[in-house]
Structure formats: structure tokens, C-alpha cells
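[1] Have a look; sequence and predicted model below, questions after that.
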Amino acid sequence: MSLIVDLKSEEKMQGCYLCKYKQMLKNKNGKDYLTVKLQDATGIIEGKIWAIHPGIEEFNVDDVVSVEAEVVLYQDNLQANIGKIKRAEEGSYELKNLLPHTPKDIKVLEEKLFSRIDEVKDPGIKKLLEAIFYDDIIYKYFMSGAAAKSVHHAYLGGLLEHTVSVAEIGVFLASRYEPVNVDLVVAGCLLHDIGKIYELSAFPKNDYTDEGQLLGHIMLGVEKVNEAKANIEELSQEALLLLKHIILSHHGEYEYGSPKRPKCIEAMIVHLADYSDSKLKMFEEMLRNSDPNEPSLGYNKILTRNMRRSML
């Protein structure tokens with residue numbers, strides 16, 4: 001497979017790519033042609049299909065496609081002139097090669113997640129966490145899903161990476177103050193974004209579902225906790241109430257989409273841990289995706305400020 005980042009003019013391009021854009025246009029002579037954008041984990045390239053012929057088979061946006069093309073330089077940008085394209089067969093590609101993904105080792109992140117569950121002492125809270133994270137369907141989507149559509153951790157494994165990081169920050173903060181119920185903090189950190197697996201569709205789309213648009217991940221997370229606790233007699237009403245409050249309040253303020261503001265120290269810790277990890281990740285991603293020799297990082301719409309690199 002030709003990696004997009006390695007492509008050069010006058011080279012052949014061959015492999016499986018994700019189609020992120022497709023549009024039929026007309027040239028100056030009124031003849032139809034297709035313009036597409038193809039993506040792998042290393043970048044995006046624009047492609048042109050100048051004529052429809054038997055080598056050009058039907059495909060849609062968000063399809064993984066098998067491509068043969070010639071790379072040319074057009075107006076200082078690389079472009080793929082596509083000779084053959086078709087939907088790729090299942091099993092002929094891995095999504096991690098086509099999409100941005102966590103830079104961390106997924107297996108290590110999984111081990112950290114389940115170690116946190118094992119450390120919980122309260123039997124009811126522990127059984128609730130096991131009922132949720134040991135579920136095969138939840139496991140599948142949680143381990144590969146994104147933490148957001150575009151803001152932070154918006155890549156394969158992003159939800160797992162974010163959750164583990166929030167738990168690490170939360171446990172550290174809990175160790176600095178007392179009295180704090182560490183089991184509540186751990187459970188709140190692990191469950192605060194569980195609704196994301198229902199709010200966002202699976203990759204390669206990673207777009208809002210109907211439930212995500214109409215209910216949002218906070219409400220969906222509370223619903224999942226209510227569903228999972230049905231057969232757990234050991235889970236006290238107080239623990240259940242506080243866990244749901246932590247999920248409902250983890251955005252901190254009403255203007256940030258939180259139905260409730262944190263009203264117990266455990267909820268405040270989870271909120272601050274989530275806030276810290278999400279905001280610092282935005283900084284980290286801007287730093288990684290910019291020229292290391294340039295101090296200015298540009299304007300961030302979410303953080304509403306111009307960003308800067310420390311040049312020490």
C-alpha cells in the first residue's frame with residue numbers, strides 16, 4: 001500500500017483508502033468528471049476521475065476503496081489521477097491504517113482500564129463497572145471509538161485513551177484531599193463518557209447518531225447506568241444516585257451543556273479531571289500538528305484564543 005505521506009509526483013499509487021469526499025463536476029467543455037478526497041492514517045490527497053469506464057466501479061463517501069492511480073503535481077499540490085477504483089473487500093484492510101488513531105498502545109490502555117475496575121473496593125460499584133465494560137458490544141465500541149467528533153481525542157481509540165487519562169488525573173486529585181470516596185471518583189471517571197458510544201457512530205463515519213443529536217452522551221450515559229444496575233443488589237441507592245449525578249455534572253456548568261453543576265467533591269474531581277485532559281489534549285494536538293520552529297500555533301475556535309508554542 002502506498003502511504004499518502006510518502007507519495008511523490010509521477011509515482012504510482014495503489015492500495016486501500018477511505019473516501020472522505022465525492023462530487024461530480026463539469027470541465028470547461030461541459031464534460032462530467034469526479035473529484036474525490038482519499039485518506040489514510042498519514043494524510044489526505046485529492047483525486048480526479050476524468051472519465052467513467054469499466055475500471056471505475058460504484059462507491060460512496062465513507063466507503064473504503066481499492067485504488068490504482070498516478071500521482072501528479074497540480075498547482076503545487078499532489079493529485080491522484082485515478083485509473084481504477086472499487087469498494088474494498090472486507091478483510092483486505094485495517095481501519096487503523098486508514099484513520100488517525102491513538103499514539104498509545106491500545107493493549108496497555110485496556111490493561112489500565114481494567115486494573116482501575118479491579119481496584120474498586122465497593123462491591124456494588126465494582127459489579128456495575130463489570131456489567132458495563134465486560135459487555136461484548138460495549139467493549140467493542142468503547143475500545144475503538146472516539147471521544148469526540150472533532151474537538152479532542154477524535155480518532156480511533158480516543159475514547160479509551162481519554163477515559164484512562166481522566167481516571168489517572170481523578171485518582172491523583174482524590175489523593176490530595178479528604179474525605180473523598182475514591183471508588184466513586186474512579187467509577188465516575190470511567191463512566192463519564194460511556195454515552196459517547198451511542199452518541200457517535202462507529203468509524204469510519206464517527207458522526208452524530210439520532211440519539212446523539214436528540215439526547216446527547218450525558219443522558220445516554222445515565223440511561224446505560226440505569227439499565228446496567230437492574231440486577232445488582234449490592235449497589236446502594238446512594239452510590240447509584242451519586243454516580244448519576246457525576247455523569248450529569250461532568251461538564252461543570254450549565255453553559256457547557258451540563259444539566260447539573262457538581263454538588264459533591266467526587267463530582268467536582270471528575271469534572272476537573274475531564275476538563276484538564278480535554279483542554280490539554282487540544283494544546284497537545286496543535287503542538288504536534290504545527291511547525292516545531294514556529295512559535296505561533298494560530299487561533300483555536302474552541303478555546304477562543306491565539307495559541308503559542310514555548311520556544312525555550
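    Cool, got the structure. Numbering: from 1, shown residues only.
[2] hey, let's count contacts and neighbours off CA atoms from now on
    OK.
[3] what secondary structure does residue 34 sit in?
    Here residue 34 is strand, with the state taken from DSSP: H, G, I helix; E, B strand; the rest coil.
[4] now residue 72
    Under the three-state scheme (three-state DSSP), residue 72 adopts strand.
[5] Look up which helix or strand the nearest residue to it once chain neighbours are set aside falls in, please.
    Excluding the flanking residues, the one nearest residue 72 by CA to CA, 6 or more residues apart in numbering is residue 9, at 4.7 Å. For residue 9, there is no enclosing helix or strand under DSSP states H and E.
[6] For stretch 199-208, buried residues please.
    Of all the residues in stretch 199-208, those buried under the rule 16 or more other CA atoms under 10 Å are 199-204, 206-208.
[7] Select from those residues every entry located in helices.
    Using DSSP state H, the members of the buried residues of stretch 199-208 that fall within helices are residue 199.
[8] The buried residues of stretch 199-208: which two are farthest apart?
    The largest distance within the buried residues of stretch 199-208, taken as CA to CA, falls between 199 and 204 and amounts to 14.6 Å.
[9] Next one: the residue nearest to residue 72 relative to residue 24, how far apart?
    24 Å (CA to CA, to the nearest Å).
[10] Repeat that for residue 208.
    Distance of residue 208 to residue 24, given as CA to CA: 26 Å.
[11] How about residue 252?
    Plainly put, residue 252 is 45 Å away from residue 24 if you go by CA to CA.
[12] Same drill for those two, tell me which one is more crowded.
    Comparing residue 252 with residue 24 by other CA atoms under 10 Å, the one with more neighbours is residue 252, at 23 against 10.
[13] In which helix or strand does the closest residue to that one other than its chain neighbours reside?
    Distance criterion CA to CA, 6+ apart; nearest residue to residue 252, sequence neighbours excluded, is residue 261 at 5.2 Å. Under the criterion of DSSP H and E, residue 261 resides outside all helices and strands.
[14] Could you do the one 5 residues further on as well?
    With the criterion set as DSSP H and E, the secondary-structure element containing residue 266 is helix 265-288.
[15] Mind giving me the packing neighbours of that helix?
    For helix 265-288, the elements it packs on are helix 158-176, helix 182-191, helix 237-249, judged by 3 or more CA pairs under 8 Å, 6 or more residues apart in numbering; DSSP states H and E.
[16] Helix 237-249 and that helix, what's the angle between them?
    Relative orientation of helix 265-288 versus helix 237-249 (axes from the mean of the first three to the mean of the last three CA atoms, to 10 degrees): 30 degrees.
[17] Just want the angle from helix 265-288 to helix 158-176.
    Counting by the same axes, to 10 degrees, helix 265-288 lies at 130 degrees to helix 158-176.
[18] Could you export the helix or strand where residue 143 lies as CSV, CA atoms only?
    According to DSSP H and E, residue 143 maps onto helix 136-144. Taking Å, rounded to 0.1, in the frame of the first residue of the first chain, the C-alpha atoms of helix 136-144 are listed here in CSV:
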residue,chain,number,x,y,z
ASP,A,136,-19.1,-7.6,24.4
ILE,A,137,-20.8,-4.9,22.4
ILE,A,138,-19.8,-2.1,24.8
TYR,A,139,-16.2,-3.4,24.8
LYS,A,140,-16.0,-3.4,21.0
TYR,A,141,-17.2,0.2,20.6
PHE,A,142,-15.5,1.6,23.6
MET,A,143,-12.1,0.3,22.7
SER,A,144,-12.1,1.7,19.2
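[19] What is it packed up against?
    Contacts defined by 3+ CA pairs under 8 Å, 6+ apart place helix 136-144 against helix 158-176, helix 196-199.
[20] what's the closest of those helices to residue 124?
    For the helices and strands packed on helix 136-144, the distance to residue 124 is smallest for helix 158-176, at 18.9 Å, taking CA to CA.
[21] So which residues make contact with that closest one?
    Contacts with helix 158-176, where a contact means CA atoms under 8 Å, 6 or more residues apart in numbering, come from 101-102, 104, 109-110, 112-113, 142-148, 153, 180-182, 185-186, 189-190, 193, 266, 269-270, 272-274, 277-278.
[22] Can you mark which positions in the lengthiest strand in the chain are buried?
    Criterion DSSP state E: the longest strand present in the chain is strand 12-26. Neighbour-count burial for strand 12-26 flags 13-22 (criterion: 16+ other CA under 10 Å).
[23] Nearest to residue 305, out of these: which one, please.
    The nearest member of the buried residues of strand 12-26 to residue 305, counting by CA to CA, is residue 20 at 29.2 Å.
[24] ok, now how distant is the closest one from residue 261?
    The gap separating residue 20 from residue 261 is 38 Å, by CA to CA.
[25] Residue 273 too?
    Residue 273 is 15 Å from residue 261, by CA to CA.
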